[in-house]
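In: need a structure here:
(one chain, ligands or ions: 1)
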Amino acid sequence: MLQKIEELRGQIRDRLTAVKSSDELKEFFTKYLGSKGAVSDLMKELGKLDKSERPAAGKLINDFKNEMMEDFKRVEADVANRERAAKYEREAVDITMPAEMREPGALHPVTMVFNQLADIFAGMGFTVYEGTEIEDDYHNFTALNTPQDHPARDKQDTFYITEDLLLRTQTSGGQIHCMETMEPPFKVIMPGRVFRCDDDATHSPMFHQMEGFVIDKNVSLSDLHGLLDKLAKAMFSPDTKTRFRPSFFPFTEPSVEVDISCCECGGKGCRLCKGTGWIEILGAGVVNRNVIRNCGLDPDEWTGLAFGAGLDRIAMLKYGVNNIHILFDGDKRALEQFRK
Ligand code: PHE
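Out: Below is the predicted model of the structure:
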């Protein structure tokens, strides 16, 4: 028995020093130290011994087993350390490498213009109302005093979805929604996308408007002028002048086009203002009595002001963009110039 143990000890030590990986270690364990391994086999041989010799031999094998287990554990810890170190080496990160830079995003120029306008109007007590892009004929046209045979309803201008549903051509339909859902008096701005069949350097089939709408008692055209003058000065520069030109919209009476003194030349005349010194920025007017009546309010009691500004147009003027498509083509090289 002693001899067998010595032989096995030599074998086990040789093998243990040769073990290189945790896989080999596992194999080694099963072969020698596991329940069916060589050391356990020694135990089975106890049966062949004389009864009187068994206790001493049993102790011998046990001691041997414990000794081998200790050797095994030492090697096991060694292998684990070595493998961990190799893993760290493999997965090492070079912290001196330059980082991958992420470019910061920026707000779209149209968003910046709206935020600025929203700020100005919030200061005057306006709240924001957002309508829907799909509108029915009634809100987009009929209720706005735009009769059935009005040229604005032409398929050339309007994207119809069904007989009755269309992509709104203006944010003015929001006026009707406001009067249907809110108790006057109120002051709102309504920003949003609008759609018209129109496409050239200054027109895009999708563009942005912001409607301003006030319903109160005794408001007049001069209140509108005050409001829009404030808008122009805050939006462009404090010495910007505004002027009203008579115009026509079915839903306002009187109606005006609003010009600002040219933001490029200050009014002297240049290419941008085509030598006139003035640039048109929006349409506006006193809300037509018919529109107020259409919404169930008494036009002798309630009066209103409305204006509709093209946000893209204002953005183009502010940022010196001469083609509206630059705003919507999504070309980063163009858009990143508008960070401010
Ligand atoms: N909705 C008009 C347009 O699209 C602008 C406008 C709004 C005019 C409100 C008067 C009052 O051109």
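In: please make it C-alpha for all contacts and neighbour counts, starting now.
Out: Will do.
In: now do the helix ranked longest in the chain: distance to the chain's middle.
Out: Within the chain, and with DSSP state H defining each element, the longest helix by residue count is helix 54-90. Here helix 54-90 is found 58 Å from its chain centre; the criterion is Cα atoms, centre = their mean, to the nearest Å.
In: cool, stretch 167-176 as well?
Out: Worked out by Cα atoms, centre = their mean, stretch 167-176 lies 26 Å from the chain centre.
In: what lies in contact with it?
Out: Identification of contacts with stretch 167-176 by Cα atoms under 8 Å, 6 or more residues apart in numbering yields 129-131, 133-135, 139-141, 143-144, 157-161, 190-196, 209-211, 213, 291, 295, 308.
In: and the longest helix of the chain, what does it pack onto?
Out: helix 2-18, helix 22-28, helix 38-45 (3 or more Cα pairs under 8 Å, 6 or more residues apart in numbering; DSSP states H and E).
In: buried stuff in it?
Out: The neighbour-count check on helix 54-90 (16 or more other Cα atoms under 10 Å) flags 54, 57, 61-62, 64-65, 68, 72, 75-76, 79 as buried.
In: next one: stretch 196-212
Out: 196, 203-204, 207-212.
In: returning to what we had before: can you say which of the helices and strands packed on helix 54-90 is nearest to residue 272?
Out: In terms of Cα to Cα, the element of those nearest to residue 272 is helix 22-28, at 78.4 Å.
In: which residues of the stretch 51-200 of the chain lie near the ligand?
Out: For the stretch 51-200 of the chain, the residues in contact with the ligand (Cα under 6 Å from any ligand atom) are 170, 172.
In: so where's the stretch 51-200 of the chain shaky on pLDDT?
Out: The model of the stretch 51-200 of the chain has pLDDT under 70 over residues 152, 155-156.
In: that one: helices as residue ranges?
Out: Secondary structure of the stretch 51-200 of the chain (DSSP state H, counting those that start in this stretch): helices at 54-90, 109-122, 137-140, 173-181.
In: now do the third one: which elements does it pack against?
Out: For helix 137-140, the packing partners by 3+ Cα pairs under 8 Å, 6+ apart come out as helix 173-181.
In: any idea how many residues pack against residue 271?
Out: Per other Cα atoms under 10 Å, the neighbour tally for residue 271 reads 10.
In: likewise for the one 4 residues further on?
Out: For residue 275, the tally of surrounding residues (other Cα under 10 Å) stands at 13.
In: do the one 10 residues further on as well
Out: Here the count is done by other Cα under 10 Å, and residue 285 has 27 residues near it.
In: how about residue 95?
Out: Around residue 95 there are 7 residues (other Cα under 10 Å).
In: the ligand: which of the helices and strands packed on helix 54-90 is closest?
Out: helix 22-28 (76.7 Å; Cα to the nearest ligand atom).
In: contacts only, for residue 25.
Out: 16, 19, 76 are the contacts of residue 25 under Cα under 8 Å, 6+ apart.
In: gap between the last one and residue 270?
Out: To tie it back to what came earlier, the one meant is residue 76. 86 Å (Cα to Cα, to the nearest Å).
In: JSON lines for the buried residues of stretch 196-212, including secondary structure?
Out: Formatted as JSON lines, the buried residues of stretch 196-212 follow (DSSP: H, G, I helix; E, B strand; the rest coil):
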{"residue": "196", "secondary structure": "coil"}
{"residue": "203", "secondary structure": "strand"}
{"residue": "204", "secondary structure": "coil"}
{"residue": "207", "secondary structure": "strand"}
{"residue": "208", "secondary structure": "strand"}
{"residue": "209", "secondary structure": "strand"}
{"residue": "210", "secondary structure": "strand"}
{"residue": "211", "secondary structure": "strand"}
{"residue": "212", "secondary structure": "strand"}
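In: so among the residues you listed, where is pLDDT lowest?
Out: Among those, residue 203 carries the lowest pLDDT, at 90.
In: what is the burial count for the nearest residue to that one once chain neighbours are set aside?
Out: In space, and not counting its chain neighbours, residue 203 is closest to residue 324: 6.5 Å by Cα to Cα, 6 or more residues apart in numbering. Look at residue 324: counted by other Cα under 10 Å, it has 19 neighbours.
In: before we move on, the earlier item: what angle separates the longest helix of the chain from helix 38-45?
Out: On the basis of axes from the mean of the first three to the mean of the last three Cα atoms, to 10 degrees, helix 54-90 is oriented at 170 degrees to helix 38-45.
In: can you count the residues close to residue 229?
Out: Neighbour tally, residue 229, other Cα under 10 Å: 19.
In: list just the nearest of the buried residues of helix 54-90 to the ligand.
Out: residue 79 (78.1 Å).
In: show the contacting residues for that closest one.
Out: Applying Cα under 8 Å, 6+ apart, the residues near residue 79 are 20-22.
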